[in-house]
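> No sequence on hand, only this structure:
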């Protein structure tokens, strides 16, 4: 599917066909495509909890203002942003350093410098940790929505949910922020998709402060 | 260009040809494609400062660990994430409500509810404000990188810079976080692109905590 068609036709869909499942191989394929997203120092501080089970989706729906799409969509992702994905001892921060050594972009002797610069850029304070986690998870989630669309799968990103309630219900550790839930499935036939919503123009996006 | 080709061939490029400019119409086209990204309540809390001027890029380079690509790339975006883009009185929060009324997804009587729910979801505390700004700007920036690639333009997202220094140098108001700088241009011929870096597998991305 053509890129421009994907980016212009992706819509946040409200009505999913509960009878039309998304095969597991497509979930894998869209996730693997999205995994190519860039990230700070290639730390990839994102994870997905993938829900298909009706009872689990019901539990999530109750924590998401009871939005029907949470249980109607065959698959719902809880997207996680790891605020500690830069830390010494973190499995992926450690793996990243080992892989960098293998790739030749770091040398084993540089471990202390690697950890110190991660700490400085991403861990210095709560604001930097939150920005690190959410920006990178935003890259990943955007790629996931577009990759889904390229495979014919519709999505809907949601942030109308009880953040701490979802954390508790799915036993999500404190190092994660939950930047969004993402429903995935197929638009229900017979429903009408509302026209695209307004978007900022180029002139509204581009700014100067001098 | 095919979507899968775009997402798999996008690379963070280190060497830009300083002689090969990116025409203004392509900058506009990639920005307008990226403007279709979804956002929390459609608030679109993103802005771009677009730098082309050699002196301005030099000033930015000095605040970005002196990375040569900041001045070698013909265009550098300072991506801004608006932590107050949900607030009563904010130009785009106000415009968004008016547009929602026109679109029929809100009624003028619901203004108080609109502002209260924005406040609850995005403004309740500093963590939520930062997550709101950076996640949405992450969506937009990811789309911008992919849209650029689809037009044959290479990019490089950077977070190695002095955040407060850049704020000061470009007089960026406090409501914005700067989640990344993004260099855009064309890969310099004669340079070698390093092989793609490691990425998490599907099994590494998918988690459960029960």
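Arrived safely. The shown structure was predicted, so the numbers you read here are calculated from the model rather than taken from an experiment.
> which residues in chain A form strands?
Using DSSP state E, the strands of chain A run over A:46-51, A:75-82, A:154-158, A:176-185.
> For the residue nearest in space to the middle of chain A, give its distance to chain B.
Nearest to the mean C-alpha position of chain A, by Cα atoms, centre = their mean, lies residue A:141 at 3.1 Å. In this view, residue A:141 and chain B are 7 Å apart by Cβ to the nearest Cβ, to the nearest Å. Where C-beta positions appear, they are placed from N, C-alpha and C, glycine not excepted.
> And residue A:135, by the same measure?
Going from residue A:135 to chain B by Cβ to the nearest Cβ gives 4 Å.
> on that earlier part again, roughly how far apart are the residue nearest to the centre of chain A and residue A:112?
Relative to residue A:112, residue A:141 is positioned 33 Å away (criterion: Cβ to Cβ, to the nearest Å).
> avg pLDDT for the longest helix seen in chain A?
Under DSSP state H, the helix in chain A containing the largest number of residues is helix A:126-150. Mean pLDDT, helix A:126-150: 98.
> what do you get for stretch A:169-176?
For stretch A:169-176, mean pLDDT is 98.
> chain center to that stretch, what's the gap?
15 Å (Cα atoms, centre = their mean, to the nearest Å).
> Closest residue of chain A to chain B?
residue A:138 (2.0 Å; Cβ to the nearest Cβ).
> Tell me which residues touch the closest residue to that residue other than its chain neighbours, please.
Closest residue to residue A:138 apart from its sequence neighbours, by Cβ to Cβ, 6 or more residues apart in numbering or on different chains: residue B:138 at 2.0 Å. The neighbours of residue B:138, taking Cβ atoms under 8 Å, 6 or more residues apart in numbering or on different chains as the test, are A:134-139, A:141-142, B:179.
> now do 6 Å
Shown in contact with residue B:138 (Cβ atoms under 6 Å, 6 or more residues apart in numbering or on different chains): A:135, A:138-139.
> circling back to that earlier point, buried set for the longest helix of chain A?
Residues of helix A:126-150 classed as buried by neighbour count (16 or more other Cβ atoms under 10 Å in any protein chain shown): A:127-150.
> next one: stretch A:157-166
Here stretch A:157-166 shows A:157-159, A:161, A:163, A:166 as buried, counting by 16+ other Cβ under 10 Å.
> Same list (the residues you listed) but as TSV, adding pLDDT.
Listed next are the buried residues of stretch A:157-166 as TSV, based on pLDDT from 0 to 100:
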residue	pLDDT
A:157	98
A:158	98
A:159	95
A:161	97
A:163	97
A:166	98
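> if we look at chain B, which of those are close to it?
Among these, the ones lying near chain B by Cβ under 6 Å from any Cβ of the partner chain are A:157, A:159.
> Could you measure from the residue nearest to residue A:138 over to residue B:182?
Taking Cβ to Cβ, one finds residue B:138 at 12 Å from residue B:182.
> related to what we said a few turns ago, got a list of what the closest residue to the residue nearest to the centre of chain A other than its chain neighbours touches?
By the measure of Cβ to Cβ, 6+ apart, the closest residue to residue A:141 outside its immediate chain neighbours is residue A:79, 5.2 Å from it. With contact set as Cβ under 6 Å, 6+ apart, residue A:79 has these partners: A:137, A:141, A:179-180, A:182.
> Can you list the low-confidence ranges for chain A?
Across chain A, nothing is flagged by pLDDT under 70.
> One more pass at 90, please.
A:194, A:210 (pLDDT under 90).
> Now do the helices in it.
A:3-9, A:24-34, A:54-62, A:69-72, A:91-103, A:111-118, A:126-150, A:163-169, A:202-205.
> Which elements pack onto the third one?
With contacts taken as 3 or more Cβ pairs under 6 Å, 6 or more residues apart in numbering or on different chains; DSSP states H and E, helix A:54-62 sits against helix A:69-72.
> Is the helix it packs on positioned near chain B?
No - judged by Cβ under 6 Å from any Cβ, helix A:69-72 makes no contact with chain B; its nearest approach is 14.0 Å.
> Now tell me what touches that helix from outside.
With Cβ under 6 Å, 6+ apart, helix A:69-72 has contacts from A:14, A:16, A:18, A:57-58, A:60-61, A:64, A:76, A:156, A:183.
> buried stuff in it?
Those would be A:69-72, for helix A:69-72 by 16+ other Cβ under 10 Å.
> what's the neighbour count on the closest residue to residue A:171 other than its chain neighbours?
Spatial nearest neighbour of residue A:171, excluding adjacent residues (Cβ to Cβ, 6+ apart): residue B:209 at 4.2 Å. By the criterion of other Cβ atoms under 10 Å in any protein chain shown, residue B:209 has 12 neighbours.
> Distance of residue B:209 relative to residue A:173?
7 Å.
> Equivalent analysis for residue A:82, please.
Residue A:82 is 9 Å from residue A:173, by Cβ to Cβ.
> more crowded one of those two?
Between residue A:82 and residue A:173, residue A:82 has the larger neighbour count (other Cβ under 10 Å), namely 24 against 11.
> and the nearest residue to that one once chain neighbours are set aside, how many neighbours?
Using Cβ to Cβ, 6+ apart and skipping the chain neighbours, the partner closest in space to residue A:82 is residue A:45 (3.8 Å). By other Cβ under 10 Å, the residues close to residue A:45 number 29.
> which residues touch residue A:45?
Contact partners of residue A:45, counting by Cβ under 6 Å, 6+ apart, are A:82, A:85, A:133, A:136.
> where's it relative to residue B:90, distance?
Taking Cβ to Cβ, one finds residue A:45 at 29 Å from residue B:90.
> what do you get for residue A:167?
The value you get for residue A:167 to residue B:90, if Cβ to Cβ is used, is 29 Å.
> again, but for residue A:157
Residue A:157 is 21 Å from residue B:90, by Cβ to Cβ.
> Likewise for residue A:3?
32 Å.
> Neighbour count: the two, which is higher?
Neighbours were counted for residue A:3 and for residue B:90 using other Cβ under 10 Å; residue A:3 has more, 22 against 18.
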